[in-house]
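> output the structure for:
(2 chains)
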Amino acid sequence: MHGTRILDEADRLMTVCNSCRYCEGLCAVFPAMEMRRAFSDGDLNYLANLCHSCGACYVDCQFSPPHEFNVNVPKTLAVARAESYAAYAWPVALSGAFARNGLVISIVAALSMAAFILGFAALNDRSVLFGVHTGPGAFYKLMPHNAMAALFSAAFLYAILALVMSVRAFWRDIGPAVGGRADGGSILQAIRDAGELRYLHGGGVGCYNEDDKPTDRRKLYHHLTFYGFILCFAATSVATLYHYLLAREAPYPWWDVPVVLGTLGGIGLIVGPAGLFLAKLRRAPELLDETRYGMDVGFIAMLFLTGLTGMLLLLLRETAAMGPLLALHLGAVFALFITMPYGKFVHGIYRFAALVRYAQERRSEAGA
Amino acid sequence: MSSKYDVLVIGGGNAALCAAIAARRGGASVLVLEGAPKFYRGGNTRHTRNMRCAHDAATEILTGPYTEEEFWEDLLRVTGGKTDEVLARHMIRESKDILNWIVEQGVRWQPSLGGTLSLGRTNSFFLGGGRAMLNALYLTAERLGVDVEYDAEVTDLVIEDGMFLAARLKRPIRGETEIRATSLVAAAGGFEANIEWLKQYWGEAADNFLIRGTPYNRGSVLRMLLDKGVQEVGDPTQCHAVAIDARAPKFDGGIITRHDSVVFGIVVNKHAQRFYDEGEEIWPKRYAIWGRLVAAQPDQIAYIIFDSSVVTSFMPTLFPPIAGQSIAELAGKLELDPAALERTITEFNAAVRPGTFDHTILDDCVTEGITPPKTHWARRIEAPPYLAYPVRPGITFTYLGTRVNKEARMLMADGKPSGNMFAAGEIMAGNVLGKGYAAGMGMTIGSVFGRIAGREAARHAKN
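A predicted model of the protein is given here:
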């Protein structure tokens, strides 16, 4: 017996699956399962976070509902995965944020954006807030660069700290790898597997989302979202280097590296989350963890909002709308950062850790 | 309502879909009637996992060549010669091409699954298993324009002078319908789920049989064909049975209820008596005899008894073993006579001679002085907790079928080939598989004869 009902169910399913094994070619979950005969809480949380929710094992399973064995691995692991986010959250006091996550994210986002708007309004003269600013340092007329850098660095560092503490708890709980060998090769392998979403592919034929046809495009939208996020992050990093190393202040011309990266990333962050959201709307109810709808949509919405406000800011930065848009964009980004450890963002961190563990296990098995 | 197709395929498994796809690719209009609801479509195919095809060289997923001659020898061995050599050799030759053809229909291969290394050279496994294979075939068939109806139970066939004219069916919503077609492909499986029919040969014992596939494998189309003058083939009294967990559901428990732990212990009946040499044969042959052996025991129940020292020697099982700290406690849980079970195990342990245990070969661990002996892998049962799996006969398929020729064309009782009726899959497996079984052969029969039947049915319809 496990700590929770969902882990009991995951254990039951893994026992069924381990005596069948037909799905072992579909993804990483089933080969990892086959390395075990019994499943601890940590094992099940490891398998849950290894699952990419491609849906193939549901469509291919001869025992999925309405069969009396009632084998629904994608949904069960989705629920277990979401519960594991709360279980490993740091500090523990904030794990409740996962309970009504959509609401929490919405409130934090609204407060954050409101704070920036009000802050800008309080600290700036009306003519500055709604003024037209161009040329280097235009943004910093509304908020000094150092204040911006300090605030966002603090938020970012906090997010990193909380994420590191959370994933550490996860890593400890899943225990030593079967075979127990850890090396840099496993991390490189996991980077490749995560980077190409190797296991979001239905075993090669494609993923399932709305029905039993492998027509799902979530992989494409996830790539747009993820690489869009990375590009935006890179844009900010390059701009920071420009600022401190080259003393070149934003805004930069459209052809300059930070803007090009930010524009491409921004497009990804608009199209990707929109696609993921539509896929979520169409997802077959039997595959969907409907109780986590708010968490999933909340994170998608935050990314979309970040991309959208960023793009609007770029387009309208030489108009009177720049001030309010800058406030909205900064508010969105700030909310995104501080909610990172307490929302769907963590799926990427735990999944990456699970992929590292899986790569270790595969390498030890191959070497054994 | 009446409609007319070039080719009517009755059945919805591997053979039926290969026939439908081949007929459609041959230019025919095709309707598939599957008697089961959509989820349960495909008969026994949904529980399969591999296919045995001849090949002259290793492939991406097969570890070495498996020649036509070797395939033939294996078939000869498992059937004890009860096969039609011309048909069988034809099937084996065609199987080489099926390995590629089936991939062109969307089916994907993978290397043999964990725990099945002994099949890595001979058998190609379906990525995702039999239901994944079926899903791929259905997607392809539908893309090509094959019509498919589920819950479409055929209630009668109109056959005159060996010519199929029409099928009558009962549909849940639209009621009675007659469907006419120029050619018929019967690919509707055997009668293993028809307990009443099984009782004709097995008596009341059949009530204690568990059926490994869906409840829809009732053999009604086979019955109609035989009643309307098609020549029968195969022993009607025989079915393929393995020992499966007695706690399995009556139908559709599939592969996961199987037990392959017999060699690691002893098997006793409800009187706590051993009844057969548990070490007679190596996997997979031993796997296929125990269903029949258990069926012959009182109440069709038996218990595999072993101890905690071997628990990780075989695949994890769906149902956990029943455990007892003492033999008496275990006997109590199994509702066996404790004294009798203790006596059986004590006698067995005393008869075990020293040897070097190796479950991958016929090793030298034997018993002496007991009947029946255990001629390999005999080790004492002495490390508590003592463990047991209750087992019953699990019926996989039946051998009775319709006789066909190399064109998959049914032969009538007078020996003449039917003008327009073809058969493929389990419904005609008895032509090549008179008895016994070797892993993956049912799928070979289905795909090879399915493709032939579809091709020939389309050719007939288009002429």
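> neighbours of A:Arg198, how many?
As a burial measure, A:Arg198 scores 16 neighbours (other CB atoms under 10 Å in any protein chain shown). For glycine as for every other residue, the C-beta is placed from the backbone atoms N, C-alpha and C.
> isn't it up against A:Ala190?
No. If you go by CB atoms under 8 Å, A:Arg198 and A:Ala190 don't touch, sitting 9.9 Å apart.
> how about stretch A:132-145, which residues are buried there?
Residues of stretch A:132-145 classed as buried: A:His133, A:Ala138, A:Phe139, A:Tyr140, A:Leu142, A:Met143 (neighbour count, 16 or more other CB atoms under 10 Å in any protein chain shown).
> and if you look at stretch A:92-109?
Quick answer for stretch A:92-109 (16+ other CB under 10 Å): A:Ser95, A:Ala97, A:Phe98, A:Asn101, A:Gly102, A:Val104, A:Ile105, A:Ser106, A:Val108, A:Ala109.
> phi, psi for residue 353 please.
Just going to use chain A. Torsion angles at A:Ala353 (phi, psi; degrees, to the nearest 10) stand at phi -60, psi -40.
> chain B is the one I meant
Dihedral angles (degrees, to the nearest 10) for B:Arg353: phi -100, psi 150.
> count of neighbours near it?
B:Arg353: 11 neighbours (other CB under 10 Å).
> how much space between it and B:Glu368?
6 Å (CB to CB, to the nearest Å).
> ok, residue 194 - contacts?
Reading this off chain A. A:Ala194 sits next to A:Gly348, A:Arg351, A:Phe352, A:Leu355 when contact means CB atoms under 8 Å, 6 or more residues apart in numbering or on different chains.
> nope, chain B
B:Asn217, B:Arg218, B:Gly219, B:Ser220.
> which of those residues tops the neighbour count?
Neighbour-wise, the contacts of B:Asn194 (other CB under 10 Å) top out at B:Asn217, 30 neighbours.
> any idea which helix or strand carries that residue?
Counting by DSSP states H and E, there is no helix or strand that carries B:Asn217.
> phi first, then psi, for B:Val31.
One thing to correct before we go on: residue B:31 is Leu, not Val. Main-chain torsions, B:Leu31, degrees, to the nearest 10: phi -120, psi 130.
> hang on, it packs against B:Leu8?
Yes. Between B:Leu31 and B:Leu8 there is a contact under CB under 8 Å: 5.5 Å.
> now do the shared contacts for those two.
Common contacts of B:Leu31 and B:Leu8 (CB under 8 Å, 6+ apart): B:Ile179, B:Ala181.
> these two - which one has more neighbours?
Between B:Leu31 and B:Leu8, counting by other CB under 10 Å, B:Leu8 is the more crowded of the two (29 against 21).
> do you know how far the closest residue to chain B within chain A is from A:Gln62?
Residue nearest to chain B within chain A (CB to the nearest CB): A:Tyr22, separated by 2.9 Å. A:Tyr22 sits 8 Å away from A:Gln62, going by CB to CB.
> got any residues that touch both of these two?
In contact with both A:Tyr22 and A:Gln62: B:Gly129, B:Gly130, B:Arg131, using CB under 8 Å, 6+ apart.
> from those, which land in helices?
B:Gly129, B:Gly130, B:Arg131 (DSSP state H).
> out of those, who's near chain A?
B:Gly129, B:Gly130, B:Arg131 (CB under 8 Å from any CB of the partner chain).
> around chain B, pick out the residues from the stretch 51-200 of chain A.
Counting by CB under 8 Å from any CB, the stretch 51-200 of chain A sits next to chain B at A:Ala56, A:Cys57, A:Val59, A:Asp60, A:Cys61, A:Gln62, A:Phe63, A:Pro66, A:His67, A:Glu68, A:Phe69.
> buried subset of these?
Buried subset of these (neighbour count, 16+ other CB under 10 Å): A:Ala56, A:Cys57, A:Val59, A:Asp60, A:Cys61, A:Gln62, A:Phe63, A:His67, A:Phe69.
> thinking again about what came up before, quick check on the ones next to chain A among the ones in helices among the shared contacts of A:Tyr22 and A:Gln62: which are buried?
Members of those classed as buried by 16+ other CB under 10 Å are B:Gly129, B:Gly130, B:Arg131.
> now the helices: where do they sit in the stretch 251-400 of chain B?
For the stretch 251-400 of chain B, applying DSSP state H, counting those that start in this stretch gives helices covering B:285-295, B:327-334, B:338-351.
> in CSV, list those helices along with mean neighbour count, mean pLDDT and distance to chain A.
Formatted as CSV, the helices of the stretch 251-400 of chain B follow (neighbours: other CB atoms under 10 Å in any protein chain shown; pLDDT from 0 to 100; distance: least, CB to the nearest CB, whole Å):
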stretch, mean neighbour count, mean pLDDT, distance to chain A
helix B:285-295, 20, 83, 15
helix B:327-334, 19, 98, 20
helix B:338-351, 17, 98, 25
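> residues contacting A:Ala177?
So A:Ala177 contacts A:Arg357, A:Gln360, A:Glu361, A:Ser364 (CB under 8 Å, 6+ apart).
> so, in contact with chain B or not, the helix or strand harbouring the first one?
Yep, that's A:Arg357 we're talking about. Here A:Arg357 is covered by helix A:346-367, with elements defined by DSSP H and E. No. Contact of helix A:346-367 with chain B (CB under 8 Å from any CB) is absent, the minimum separation being 10.8 Å.
> using CSV, write down the CA coordinates of that helix.
Extracted in CSV, the C-alpha atoms of helix A:346-367 (Å, rounded to 0.1, in the frame of the first residue of the first chain):
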residue,chain,number,x,y,z
VAL,A,346,8.0,22.0,-12.9
HIS,A,347,7.0,19.2,-15.3
GLY,A,348,10.0,20.0,-17.4
ILE,A,349,12.4,19.8,-14.5
TYR,A,350,11.1,16.6,-13.0
ARG,A,351,10.9,15.0,-16.5
PHE,A,352,14.4,16.0,-17.2
ALA,A,353,15.5,14.4,-13.9
ALA,A,354,13.6,11.3,-14.7
LEU,A,355,15.2,11.1,-18.2
VAL,A,356,18.7,11.4,-16.6
ARG,A,357,17.8,8.6,-14.3
TYR,A,358,16.5,6.5,-17.2
ALA,A,359,19.6,7.2,-19.2
GLN,A,360,21.7,6.0,-16.3
GLU,A,361,19.6,2.8,-16.0
ARG,A,362,19.8,2.1,-19.7
ARG,A,363,23.6,2.7,-19.7
SER,A,364,24.1,0.4,-16.7
GLU,A,365,21.9,-2.2,-18.3
ALA,A,366,23.8,-2.1,-21.6
GLY,A,367,27.1,-2.2,-19.7
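> quick one: average pLDDT of it?
Mean per-residue pLDDT for helix A:346-367: 93.
> equivalent analysis for stretch B:251-270, please.
pLDDT averaged over stretch B:251-270 gives 94.
> are we agreed that A:Ser237 is in a helix?
Yes. Assessed by DSSP: H, G, I helix; E, B strand; the rest coil, A:Ser237 belongs to a helix.
> starting at the chain centroid, how far to the lowest-mean-pLDDT helix or strand in chain A?
None of the helices or strands of chain A scores lower by mean pLDDT, DSSP states H and E than helix A:126-129, at a mean of 89. Relative to its chain's centre, helix A:126-129 lies at 37 Å (CA atoms, centre = their mean, to the nearest Å).
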